[in-house]
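In: output the structure for:
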Amino acid sequence: MKSTLLAMTMILAATPMAFAAGTHKGGHDGMMDIGQAAEAGTETRTIQVKLMETEEGDMVFEPRVLDFKAGETVRLAIENVGENEHEFVMDTVAAVAEHKELMNEFPEMEHDDPNAVRLAPGEKGEIVWTFANAGSFQFACLIPGHYEAGMHGALSVN
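Out: As a prediction, this is how the structure comes out:
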């Protein structure tokens, strides 16, 4: 009985640490459906992305739609010009939905995925990315409530 209880305690204690470290289901090492991280300096262009709130209370990205060519390497220069913490996560529509549910369950989850950046108000970050596969993808802020407030957009790779 004691050994079973000890084993259960160790499993439960390890689970939040795994989520806090960002090792959620699937991981994001190497190639993803949307492509993969690239080295700074290999990009062919830079896209400015702003994270913000509107006077009407919506939470948005500017631009609201992103288009790339398959094989293109781009630097996404991301700036939070809003008054709230925001994040930029890009992935397949299904993976964004799965990640959103996980964030709703564990809102303080921290992660260090190459396809995402979380920024406090006034902070800047960047993602250098090679969009390897053509398709329809999505970018979003998955902090609970932000997606519902309009903070998501279409990402196309042609």
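
In: in the chain, where is pLDDT below threshold?
Out: Low-confidence segments of the chain, defined by pLDDT under 70: 1-29.

In: where do the helices of this protein begin and end?
Out: 2-20, 93-105 (DSSP state H).

In: what pairs with the residue nearest to the spatial centre of the chain across the strands?
Out: Note on the chain: the residue nearest the mean C-alpha position is Val89, at 1.9 Å, using C-alpha atoms, centre = their mean. Note on Val89: beta-bridge partners Ala116, Ala140, judged by DSSP bridges.

In: distance check, it against Leu119.
Out: Val89 sits 12 Å away from Leu119, going by C-beta to C-beta, to the nearest Å. All C-beta atoms are positioned from the backbone trio N, CA, C, and that covers glycine.

In: kindly report the same for Arg75.
Out: 16 Å.

In: what do you get for Ala97?
Out: 22 Å.

In: again with Gly71
Out: Gly71 sits 28 Å away from Leu119, going by C-beta to C-beta.

In: equivalent analysis for Gly145, please.
Out: 17 Å.

In: likewise Ile47?
Out: Taking C-beta to C-beta, one finds Ile47 at 16 Å from Leu119.
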